[in-house]
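S.K.: Need a 3D model of the sequence below.
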Amino acid sequence: MREALERYFAAERARQLEELLSFLRIESVSAQRTHEQDMERAAEFVAADLARSGLDKVEIMRGEGHPVVWAEHMPHKDRPTVLIYGHYDVQPPEPLELWNSPPFTPDQRDGRIYARGVSDDKGPLFIALKAIEALRATLGELPVNVRFLVEGEEEIGSLHLGPFVAAQKERLRADLVLSADGAMWRPSEPSLTLAGKGLCGLEVHLETANQDLHSGRHGGGVPNALHALVELLAGLHGPDGRVQVQGFYDKVRELSPQERSEITSLDFDEDAYRRSLGMEGLYGEEGYSTLERQWTRPTLELNGMGGGYQGEGGKTVVPREAMAKLTCRLVPDQEPEEILALVKAEIERRCPPHARVTVRREGGMARWYRMPSDHPVLAVAGAVLEEVMGKPAVRVRMGGTEPCAELFQRELGIPTLFYSFSTSDEQYHAPNEFFRLERFDQGLLAWALLLGRLPESMR
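M.R.: Residues are numbered from 1 along each chain as shown. A predicted model of the protein is given here:
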């Protein structure tokens, strides 16, 4: 089986890469309304590719939000069904001036493809699509039953995925989810991700006067909205790195000694990590290592803020309003709604008396997720990674959020295995996002081999 797959991928590589480049040229930015037609084009691209691979049923399902691509091929009565998940939407590419090549004009150089969305999630999703194609071409039939769910809202919090899954349980019923999303830990070794954080976000608006005021006429006698907001936000963290929100840590599940030992045993050089980011020092909650903070401790981050004059040149005003966007990454057993309410109450409590503050929810929410460490698919997936990549696969967690995983567990009762071949250093969500061609080739073979070996491992 492996030799046949390798011959197929070698023969079809040029064609498949050109198809991937076509996918990357579609500006499927879910956060921006100006790209609604591009979202349709991306959904149509995925649906057409699945149809060409010979899946029995392929539909673009439209409702609230961006389209969902659903497909299935169920040739076996006595073999497991795998639900393959991915997303075709991408992050906004701004700031454009920091890209070395246009974000939607894919550029191949130095063994990489540079483009917005190539690592998160179009490249990894495309690998899953081509693995299905290769298995049909080399074996004549898929070794397992498959269903696909490819959404267009992951980058904006999967706002409508929950209602969709709840309404389509029969169409999505499966024994396991294979996610094409969720990057490996680092490029030097294969990894399997067993847990991810939850997410909630909010936007803060603070106002003082009814208009911007002349800083000479009024300065020193009236409150400055930017000053007030900066002071308020700075108070949300203490000097020890802990979040200063009443009740924030009340439900946090502490690590067991075994869990801390497993994380400590990983080969991680904090100083090398710091240097790779161009930083003078690391920062975080005292009493925990960097990996523990990133993977297992909750966070509150200021993602952006604005107010006052930001155009060219100067404008001497005392701003009347300021705003900020914040997100929290959540761990067991925090609940998004509860954390939002706690943060909102803390911000309102800290608002200076000379200002007015409004706090509203921003984006979608997701709960944390953990995959059972004894699930049989982990052993076979690890063996495939070692065979293809030449190193044993380590088991890790991630600080990011994959809303689908907890949702599939809750609504469908099945675990999710993250099987993405992007890596955490590929600058997704940032300028000059890239995907290694070596990982593209490895991913194609690993996905096809894993699907081929699932019937035996999931009896």
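S.K.: what residues go with each domain of this structure?
M.R.: Domains of the chain are assigned by automatic domain parsing as 2-196+368-457, 199-250+298-361.
S.K.: Go through those and pick out the most buried.
M.R.: Stretch with highest mean neighbour count among these: domain 2-196+368-457 (a mean of 20; mean count of other Cβ atoms under 10 Å). Bear in mind the C-beta positions are built from the backbone N, C-alpha and C, glycine included.
S.K.: CA atoms of stretch 149-163 as PDB?
M.R.: Extracted in PDB, the C-alpha atoms of stretch 149-163 (Å, rounded to 0.1, in the frame of the first residue of the first chain):
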ATOM      1  CA  LEU A 149     -17.400  18.900   7.500                       C
ATOM      2  CA  VAL A 150     -15.500  21.900   6.200                       C
ATOM      3  CA  GLU A 151     -16.600  25.200   7.700                       C
ATOM      4  CA  GLY A 152     -15.900  28.900   6.900                       C
ATOM      5  CA  GLU A 153     -16.100  30.500  10.300                       C
ATOM      6  CA  GLU A 154     -13.300  28.900  12.300                       C
ATOM      7  CA  GLU A 155     -11.200  32.100  12.300                       C
ATOM      8  CA  ILE A 156     -14.200  34.100  13.700                       C
ATOM      9  CA  GLY A 157     -15.000  31.600  16.500                       C
ATOM     10  CA  SER A 158     -17.100  29.100  14.600                       C
ATOM     11  CA  LEU A 159     -20.200  31.200  15.400                       C
ATOM     12  CA  HIS A 160     -22.700  28.900  13.700                       C
ATOM     13  CA  LEU A 161     -21.000  25.600  14.000                       C
ATOM     14  CA  GLY A 162     -22.700  24.600  17.200                       C
ATOM     15  CA  PRO A 163     -26.300  24.900  15.900                       C
END
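S.K.: State the mean pLDDT of it.
M.R.: Mean pLDDT, stretch 149-163: 92.
S.K.: The stretch 251-400 of the chain: helices as residue ranges?
M.R.: Using DSSP state H, counting those that start in this stretch, the helices found in the stretch 251-400 of the chain span residues 257-264, 270-276, 290-296, 336-350, 376-389.
S.K.: contacts for the fourth one?
M.R.: The set of residues external to helix 336-350 that reach it, using Cβ atoms under 8 Å, 6 or more residues apart in numbering, is 198-200, 202, 204, 232, 235-236, 244-248, 251, 298, 300, 326, 328, 330, 357, 359, 361, 365-367.
S.K.: Next one, pLDDT for residue 459 please.
M.R.: For residue 459, the pLDDT comes out at 67.
S.K.: follow-up on the earlier one: would you mind putting the helices of the stretch 251-400 of the chain into CSV with distance to residue 95 alongside?
M.R.: Below are these laid out as CSV (distance: least, Cβ to Cβ, whole Å):
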stretch, distance to residue 95
helix 257-264, 35
helix 270-276, 21
helix 290-296, 25
helix 336-350, 28
helix 376-389, 34
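S.K.: between those, which gets nearest to residue 219?
M.R.: Proximity to residue 219, assessed across the helices of the stretch 251-400 of the chain by Cβ to Cβ, is greatest for helix 336-350 (23.9 Å).
S.K.: hang on, the earlier thing: any idea which of the helices of the stretch 251-400 of the chain gets closest to residue 309?
M.R.: Closest to residue 309 of the helices of the stretch 251-400 of the chain is helix 336-350 (Cβ to Cβ; 24.7 Å).
S.K.: Quick one: the strands in the stretch 151-300 of the chain, in order.
M.R.: Taking DSSP state E, counting those that start in this stretch to define them, one finds strands in the stretch 151-300 of the chain at 176-179, 191-193, 195-196, 198-207, 213-214, 299-307.
S.K.: Distance from the chain centre to the longest one, please.
M.R.: The reference is to strand 198-207. Chain-centre distance of strand 198-207: 19 Å, with Cα atoms, centre = their mean, to the nearest Å.
S.K.: quick one, what contacts residue 71?
M.R.: Residues in contact with residue 71 (Cβ under 8 Å, 6+ apart) are 47, 50-51, 55, 57-59, 147-148.
S.K.: Equivalent analysis for residue 319, please.
M.R.: With Cβ under 8 Å, 6+ apart, residue 319 has these contacts: 212, 224-226, 307-309.
S.K.: Residue 204 too?
M.R.: Neighbouring residues of residue 204 by Cβ under 8 Å, 6+ apart: 229, 233, 323-326, 347, 357-359.
S.K.: do residue 178 as well
M.R.: Taking Cβ under 8 Å, 6+ apart as the criterion, residue 178 is in contact with 82-85, 128, 416-417, 419, 447, 450-451.
S.K.: Quick one, grab the pLDDT at it.
M.R.: The model reports residue 178 with a pLDDT of 97.
S.K.: Same question for residue 85.
M.R.: 98.
S.K.: Next up, the contacts around residue 281.
M.R.: Counting by Cβ under 8 Å, 6+ apart, residue 281 touches residue 274.
S.K.: nope, residue 372 is what I was after
M.R.: Contact analysis of residue 372 by Cβ under 8 Å, 6+ apart lists residue 415.
S.K.: mind checking how far it is from residue 176?
M.R.: Taking Cβ to Cβ, to the nearest Å as the measure, residue 372 and residue 176 are separated by 12 Å.
S.K.: any common contacting residues for these two?
M.R.: Common neighbours of residue 372 and residue 176 (Cβ under 8 Å, 6+ apart) are residue 415.
S.K.: could you pull out the helices for the stretch 1-150 of the chain?
M.R.: For the stretch 1-150 of the chain, the helices defined by DSSP H, counting those that start in this stretch cover 2-24, 36-52, 123-139.
S.K.: Done for today, thanks.
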